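K.L.:
This is the structure alone, sequence omitted:
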C-alpha cells in the first residue's frame, strides 16, 4: 500500500498499538536539468574590488596548498579514520616510519566493520593527512608515502 500511495508517511493506531510506516525516496540517481550559462558582453576578465579611499584590488584565486610528493594511501570506503588499533595503543605508523607493502597503516571503520588499510608500496611515511577519529570519504588520501 505504501509503495503505491503518494503519501510519504502513514500512521495507524488501534487498541493501544501504534504502527508508523515511512516511505523513503529510492536511491536511484536522478539527472539534474542541464545548467544554462549566460554570458554578459561587458563582463570583466578579473573582478575588481574598491574599498573606501583605497585603490582597486584584483581578486585572485587562492593558491593550492602544497602537496607532498609521493604515493597516496587512499581510503577504501567512507567511514571513520583510526590511526591506532585501540585508543590506548601506539599508532600504526608515524611520519618518518619506514613501511613495507602489505603493512597495516590505519583502520577505516564503516558500519561497525573495521577495514585495515594496507600500504601498497614499500617506502617512508611523508605525511599523515587526517587525524584520528576524522570522517573520511571513498578514495580520500589518508597518507603520503615516498616509495623510495
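P.N.:
Sure, I can see it. These numbers were taken from a predicted model, which means no experiment stands behind them.
K.L.:
Only C-alpha atoms from now on, for both contacts and neighbour counts.
P.N.:
Will do.
K.L.:
From what I see, residue 145 and residue 124 are in contact.
P.N.:
Yes. With contact defined as CA atoms under 8 Å, residue 145 reaches residue 124; the gap is 5.4 Å.
K.L.:
Look at the two and report which has more neighbours.
P.N.:
Summary of the neighbour comparison: residue 145 and residue 124, criterion other CA atoms under 10 Å, with residue 145 having more neighbours (27 against 21).
K.L.:
Figure out the helix or strand that that one lives in.
P.N.:
strand 141-146 (DSSP states H and E).
K.L.:
Give me the sheet partners of that strand and which way each runs.
P.N.:
In its sheet, strand 141-146 lies beside strand 71-74 (antiparallel), strand 123-128 (antiparallel), with partners assigned from DSSP bridges.
K.L.:
List the buried residues for the first one?
P.N.:
Put plainly, it is strand 71-74. Along strand 71-74, the positions that meet the burial threshold by neighbour count (16 or more other CA atoms under 10 Å) are 71-74.
K.L.:
Pull the residues that contact it.
P.N.:
When contacts are taken as CA atoms under 8 Å, 6 or more residues apart in numbering, the neighbours of strand 71-74 outside the stretch itself are 119-120, 138-147.
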